[in-house]
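Novice: heads up, no residue letters with this:
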């Protein structure tokens with residue numbers, strides 16, 4: 001699954017002579033159960049339709065057409081949707097977790113549908129931990145399934161060897177007598193064992209977040225253990241903890257999802273409202289905000305857009321100018337799609353907004 005950084009990287013490599021295909025390759029749909037699936041017929045017909053005659057595109061199109069035809073000769077669908085981008089010298093495909101409407105274009109890459117996918121399927125890390133074990137899951141808002149990644153169960157110390165009597169081995173070849181009881185030593189060693197588990201869980205969280213570009217994390221299991229793990233995280237990752245939920249360690253995937261999904265959606269909507277309200281306040285104070293198409297267009301032209309904000313809804317997909325995200329990316333900016341109350345507020349203030357690097 002591609003992330004926003006991956007989309008930006010791809011866009012930077014493409015040009016205005018790029019073939020974009022979005023295909024519903026879900027084998028479960030009736031139209032794809034024919035001897036020749038509907039998506040294949042659609043793609044083949046579009047390749048015939050696109051026959052650029054301009055001299056500057058003829059060489060590019062020949063290369064693109066050959067690459068796409070070669071790809072489909074070997075392609076076997078393993079997802080519900082497929083996005084394909086082909087330009088002279090390169091081709092990139094992205095599997096999508098749900099079916100999309102078949103569509104095609106030739107020109108600048110059409111990335112709005114990809115942005116919808118990213119927004120709908122933003123990954124969350126869910127970590128369940130108690131005093132003995134931890135379980136890791138990656139969840140997506142639009143998905144009812146989880147991918148279990150890791151289970152940690154550190155081997156316990158030999159408590160008989162290390163905690164009987166009034167002394168413990170120092171590791172220097174001798175012994176050190178303590179005034180405490182063997183029970184005290186047992187407790188201290190057990191606390192050390194748990195602390196080691198919590199440190200490793202924190203390390204694994206950091207690796208998951210960095211490797212998979214995950215921005216949000218939920219913790220569950222034992223509340224005491226969860227908060228202990230938080231204390232071992234760097235501040236940046238502590239700030240990315242959405243919440244600690246009362247999810248038993250041995251919950252099923254569906255039970256975990258039932259706990260997490262409403263909290264995740266509630267958090268996302270709250271964040272969106274804060275962003276929209278912040279930009280509106282910036283704009284009305286003549287600060288780092290732009291409202292409405294004219295102001296946002298001017299800011300994009302001057303490459304001042306840090307964050308482009310668009311309303312999310314099925315009705316808006318065709319209405320979004322495809323060049324807007326590309327222009328935001330050109331200045332190093334990002335795109336945020338907002339829903340519900342935040343989208344309604346945005347529409348009442350011009351329908352589109354941008355947070356700027358610096359004031360207009």
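Specialist: Noted; the coordinates are in hand. Remember, it's a predicted structure, so these values are computed and weren't measured experimentally.

Novice: The stretch 251-360 of the chain: strands as residue ranges?
Specialist: Secondary structure of the stretch 251-360 of the chain (DSSP state E, counting those that start in this stretch): strands located at 289-291, 305-311, 334-338, 353-356.

Novice: ok, and the helix or strand in this protein with the lowest average confidence?
Specialist: None of the helices or strands of the chain scores lower by mean pLDDT, DSSP states H and E than strand 167-169, at a mean of 29.

Novice: To residue 93, which of the strands of the stretch 251-360 of the chain lies closest?
Specialist: Each of the strands of the stretch 251-360 of the chain was checked against residue 93 via Cβ to Cβ, and the shortest separation belongs to strand 334-338, namely 21.5 Å. (Glycine included, C-beta is placed from N, CA and C.)

Novice: if we look at that closest one, which residues are touching it?
Specialist: Judged by Cβ atoms under 8 Å, 6 or more residues apart in numbering, the contacts made with strand 334-338 from elsewhere in the structure are 4, 115-116, 119, 272-273, 275-276, 306-312, 325, 328-329, 346.

Novice: now swap in stretch 26-37 and tell me
Specialist: For stretch 26-37, with Cβ under 8 Å, 6+ apart as the criterion, the contacting residues are 24-25, 38-39, 77, 80-81, 99.

Novice: Filter the residues you listed down to just the ones in strands.
Specialist: 24, 81 (DSSP state E).

Novice: Just put the contacts of stretch 26-37 in JSON lines and tack on pLDDT, distance to residue 259 and neighbour count.
Specialist: Rendered in JSON lines, the data for the contacts of stretch 26-37 read as follows (pLDDT from 0 to 100; distance: Cβ to Cβ, whole Å; neighbours: other Cβ atoms under 10 Å):
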{"residue": "24", "pLDDT": "95", "distance to residue 259": "32", "neighbour count": "22"}
{"residue": "25", "pLDDT": "95", "distance to residue 259": "33", "neighbour count": "24"}
{"residue": "38", "pLDDT": "95", "distance to residue 259": "39", "neighbour count": "17"}
{"residue": "39", "pLDDT": "95", "distance to residue 259": "37", "neighbour count": "25"}
{"residue": "77", "pLDDT": "92", "distance to residue 259": "33", "neighbour count": "17"}
{"residue": "80", "pLDDT": "90", "distance to residue 259": "26", "neighbour count": "17"}
{"residue": "81", "pLDDT": "92", "distance to residue 259": "28", "neighbour count": "22"}
{"residue": "99", "pLDDT": "81", "distance to residue 259": "28", "neighbour count": "19"}
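
Novice: Could I get the contacts of stretch 26-37 in a markdown table, plus columns for distance to residue 135?
Specialist: Rendered in a markdown table, the data for the contacts of stretch 26-37 read as follows (distance: Cβ to Cβ, whole Å):
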| residue | distance to residue 135 |
| --- | --- |
| 24 | 34 |
| 25 | 33 |
| 38 | 41 |
| 39 | 37 |
| 77 | 31 |
| 80 | 27 |
| 81 | 30 |
| 99 | 31 |
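
Novice: from the contacts of stretch 26-37, which single one is nearest residue 235?
Specialist: Within the set of the contacts of stretch 26-37, residue 81 lies nearest residue 235; the separation is 37.9 Å, counting by Cβ to Cβ.

Novice: Write down the beta-bridge partners of the closest one, one by one.
Specialist: residue 24, residue 96 (DSSP bridges).

Novice: For it, list the residues it contacts.
Specialist: For residue 81, the contacting residues are 22-26, 95-100, 117, taking Cβ under 8 Å, 6+ apart as the criterion.

Novice: ok, so of those residues, who is nearest residue 195?
Specialist: If you rank these by distance to residue 195 using Cβ to Cβ, residue 97 comes first, at 38.3 Å.

Novice: For burial, what's the neighbour tally of that closest one?
Specialist: The burial count assigned to residue 97 is 15, neighbours taken as other Cβ atoms under 10 Å.

Novice: leaving aside the residues next to it on the chain, what's closest to it?
Specialist: Spatial nearest neighbour of residue 97, excluding adjacent residues (Cβ to Cβ, 6 or more residues apart in numbering): residue 121 at 5.7 Å.

Novice: my guess is the one you found contacts residue 80, does it?
Specialist: No: between residue 121 and residue 80 no contact is recorded; they are 11.7 Å apart, counting by Cβ atoms under 8 Å.

Novice: Could you name every residue contacting both of these two?
Specialist: By Cβ under 8 Å, 6+ apart, the residues touching both residue 121 and residue 80 are residue 97.

Novice: out of the strands of the stretch 251-360 of the chain, deepest packed?
Specialist: strand 353-356 (a mean of 27; mean count of other Cβ atoms under 10 Å).

Novice: So which other helices or strands are in contact with that one?
Specialist: With contacts defined as 3 or more Cβ pairs under 8 Å, 6 or more residues apart in numbering; DSSP states H and E, the packing partners of strand 353-356 are helix 253-284, strand 289-291, helix 292-301, strand 305-311.

Novice: so which strand or helix has residue 242?
Specialist: strand 241-244 (DSSP states H and E).

Novice: Same check on residue 128?
Specialist: When secondary structure is defined using DSSP H and E, the element that contains residue 128 is strand 123-129.

Novice: Now do that strand: everything it contacts.
Specialist: Contact partners of strand 123-129, identified using Cβ under 8 Å, 6+ apart, comprise 1, 134-141, 146, 197-198, 201, 204-205, 208-209, 212-214, 216-222, 225-226, 229, 242, 247-249, 251, 256, 260, 264.
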